[in-house]
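In: sequence plus predicted model, see below.
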Amino acid sequence: MRRARRRGGARGLGALGVCCAVAGLATLLAACGPVSSAASGAAATAASSNNTVTYAMQPGGLASYPFPFMTLATSSSDSVYNVNDFQFLLYRPLYWFGKGTTPYLNEALSLAYPPTYQGRQVTIQLKQNYKWSNGEQVDAQDVVFWLNMTIAEGSKGVYYSSIGLPTDVTNIRAASQYTVTMDITSPKFSESWFTNNELSQITPMPMYWDRTAAGQSNCVTQVSSCDAVYNYLNAQASQNPSTFASSPIWRIVDGPWKIQSLNSQGSLTLAFNQSYSGPVAKHHPTTFVEVPFTSEQAEYNVLQDPNSNQTIDVGYLPTVDAPVPPAGATVGANPSSLPNYRLSAVYAWELSYFPYNFANTTGQAPIFKQLYFRQAFQSLVDQEGIINGPLHGYGQATTGPVGNYPVTKYLSPLVEHAGDPWALNIRGAASYLRSHGWSVVPNGVDTCISAGTGSSQCGAKIAAGTQLKFNLIYPAGLDWMESSVKELASNASLVGIQISLSAESFNQVTGTAFGCIGTPGPCTWQLADWGSWTYAPDYLPTGDTLFQSGAPNNAGQYSNSYDDQLISNSLGARTFSQFRTAIFSWQDYLYRQLPVVYTPDVPTLVETINGLDIGPQNSASTITPEEWYYLK
């Protein structure tokens with residue numbers, strides 16, 4: 001998973017590595033066209049001579065860290081942008097997710113066939129057609145190399161879990177050149193969970209990387225050697241980005257692209273890897289350029305100006321600039337200022353929310369722990385108003401702990417059909433507070449006047465005289481988000497809740513929100529809105545990443561023993577039918593508990609220049625520019 005879109009999955013990108021994403025920074029403009037032309041070796045319908053595609057990166061989205069193995073010390077590079085739009089283009093994960101517009105396993109783009117299970121043993125059979133650019137095969141040793149490093153780094157690893165990799169496997173070995181086997185230590189485990197959330201984390205690494213500054217090492221056979229290898233590779237990945245193109249380390253790739261140039265501002269040029277043997281379009285681009293922007297408006301200005309010295313082939317439309325549809329009409333029109341582009345809205349597989357800090361040390365935690373308060377606060381979030389206002393009609397209301405859209409086989413029928421049970425209700429929010437011992441002062445500050453734990457009192461550890469005053473941090477540079485948090489603060493003031501807003505950089509917001517996890521000392525933040533959480537590389541929304549007690553990505557440190565038990569039930573379900581029953585039970589319980597503040601799921605509005613076919617974009621937020629092509 002990535003942060004905002006933090007990966008874990010941010011476009012968002014397991015453990016601290018789930019990408020969080022600043023939801024809906026953009027809308028992709030995608031040309032319509034047959035995707036079948038990109039299937040292994042199939043020819044595209046005639047292409048133009050143009051062989052370069054320029055891709056606009058969203059604010060905060062920078063290519064910066066090529067090494068596809070990160071620890072908490074490098075988690076700032078674990079954004080969906082750095083992983084999906086940089087690392088994945090160079091280094092293919094063992095299993096690729098995103099099939100059509102769904103976030104499901106894509107067998108055609110994976111380096112291995114779907115795993116097989118026999119008792120507790122899992123077997124991975126790699127495909128034999130993939131090679132590293134130095135001519136070596138991508139094989140079982142490359143998978144073991146990654147797994148051994150994961151064991152060596154332990155809890156420092158971005159994807160570490162006390163109930164998942166690497167603690168839940170043993171007897172890892174290369175049974176043959178293309179076969180990896182391992183034993184799962186738990187007597188009860190879900191095969192779906194292990195495939196989609198555990199094996200999904202693995203990225204094979206070339207044998208050339210098994211080295212330190214002193215020369216070749218043996219991490220692939222001795223876990224004790226791996227920490228020194230990691231330190232060496234991390235140091236290489238932390239150097240000036242301008243050195244990456246000439247580095248003997250990062251020149252070795254198995255993906256469709258290799259670095260031609262990269263600077264410290266994130267301006268990236270990739271060249272097609274002629275050794276790549278995965279699916280490509282016959283007339284695919286040979287150069288892929290990623291251009292970073294400091295703001296949505298700066299990117300939009302380039303899109304609108306045909307005389308600009310910059311060219312954008314695939315960009316994004318800020319939602320605040322999307323045409324507002326007439327009453328009763330559906331959204332989807334492209335602005336008249338962009339006649340050379342075509343628009344499509346891409347909804348990422350993510351959860352849009354922001355957390356309360358249940359570990360806050362400045363007095364707010366006892367308030368956040370009261371269900372009635374969370375019900376009142378959620379009733380102040382006008383999701384429909386945000387969608388119809390600053391988002392200009394784009395967006396879907398979020399109602400529970402599993403992403404509502406696109407609808408997947410993981411979504412509980414109860415949650416799917418519940419609608420938004422916490423639609424804007426100012427009067428209802430005030431009623432919740434009054435009935436639980438608060439003196440409600442519209443446009444003032446509410447005060448607890450009935451301390452205690454009774455049904456009509458403020459709640460445990462809330463002293464008389466406590467006031468409802470909070471700070472909310474959010475990332476600067478997103479017009480729609482600034483509008484939404486200002487509206488929330490305004491709504492809250494009507495029931496006497498005072499919210500002070502503070503705009504910071506995206507990295508500052510996520511760094512603050514996740515910085516208290518597992519660390520002693522004061523934890524002072526109260527509310528932190530970075531946008532959304534992208535399910536990647538944990539694509540199955542089982543809750544163990546975001547809502548289980550002690551989970552490293554549980555930013556607000558929410559803890560509920562019954563919730564923990566329901567999550568454990570889903571992870572131990574052996575058949576998919578049992579798994580679905582368990583995950584539905586968990587969702588149906590937790591969506592009533594409101595462990596976080598739900599916000600609208602915002603699409604990326606993609607703009608694609610006329611004549612470029614990029615096919616349907618999948619909700620796993622991965623891109624495959626080697627499958628794109630220009631039409632005549």
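Out: Received, thanks. Numbering: from 1, shown residues only.
In: surely T52 and V289 touch.
Out: Yes. With contacts counted by C-beta atoms under 8 Å, T52 reaches V289, the gap being 6.5 Å. Where C-beta positions appear, they are placed from N, C-alpha and C, glycine not excepted.
In: which one's more surrounded, the two?
Out: V289 (20 against 13; other C-beta atoms under 10 Å).
In: for the closest residue to A418 other than its chain neighbours, which residues are in contact?
Out: Distance criterion C-beta to C-beta, 6 or more residues apart in numbering; nearest residue to A418, sequence neighbours excluded, is T399 at 5.9 Å. Listed by C-beta atoms under 8 Å, 6 or more residues apart in numbering, the contact set of T399 reads 415, 418-422, 591, 598.
In: closest one to Q548 out of the residues you listed, please.
Out: Q548 lies nearest to Y591 out of the contacts of T399, by C-beta to C-beta, at 15.9 Å.
In: so that closest one makes contact with V415?
Out: Yes. Counting by C-beta under 8 Å, Y591 touches V415, with 5.3 Å between them.
In: who touches both of these two?
Out: Common contacts of Y591 and V415 (C-beta under 8 Å, 6+ apart): 399-400.
In: check the residue nearest to A418 and give its pLDDT.
Out: Reading off the confidence values, T399 has pLDDT 93.
In: ok, now the one 3 residues further on?
Out: At V402, the model reports a pLDDT of 95.
In: now do S75
Out: 66.
In: then the one 10 residues further on?
Out: At D85 the predicted local distance difference test score is 94.
In: my guess is it contacts I623. True?
Out: Yes. Counting by C-beta under 8 Å, D85 touches I623, with 6.4 Å between them.
In: find residues that contact each of these two.
Out: Common neighbours of D85 and I623 (criterion: C-beta under 8 Å, 6+ apart): Y55.
In: which one of those two has more residues nearby?
Out: With neighbours defined as other C-beta under 10 Å, D85 and I623 compare such that D85 has more, 24 against 21.
In: quick one: contacts for the more buried one?
Out: With contact set as C-beta under 8 Å, 6+ apart, D85 has these partners: 11, 55, 57, 61, 63, 290, 623.
In: all helices of the stretch 201-350 of the chain, in order?
Out: 226-237, 296-304 (DSSP state H, counting those that start in this stretch).
In: what's the shortest one packed up against?
Out: If you count contacts as 3 or more C-beta pairs under 8 Å, 6 or more residues apart in numbering; DSSP states H and E, helix 296-304 packs onto strand 52-56, strand 314-316.
In: what angle separates that helix from strand 52-56?
Out: 150 degrees (axes from the mean of the first three to the mean of the last three C-alpha atoms, to 10 degrees).
In: restrict helix 296-304 to CA atoms and write it as PDB.
Out: Output in PDB follows, covering the C-alpha atoms of helix 296-304 (Å, rounded to 0.1, in the frame of the first residue of the first chain):
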ATOM      1  CA  GLU A 296      -2.400  21.800 -10.800                       C
ATOM      2  CA  GLN A 297      -2.700  25.200 -12.300                       C
ATOM      3  CA  ALA A 298       0.800  25.200 -13.800                       C
ATOM      4  CA  GLU A 299       0.000  21.900 -15.600                       C
ATOM      5  CA  TYR A 300      -3.300  23.100 -16.800                       C
ATOM      6  CA  ASN A 301      -1.700  26.200 -18.200                       C
ATOM      7  CA  VAL A 302       0.500  24.100 -20.400                       C
ATOM      8  CA  LEU A 303      -2.400  21.900 -21.500                       C
ATOM      9  CA  GLN A 304      -4.300  25.000 -22.700                       C
END
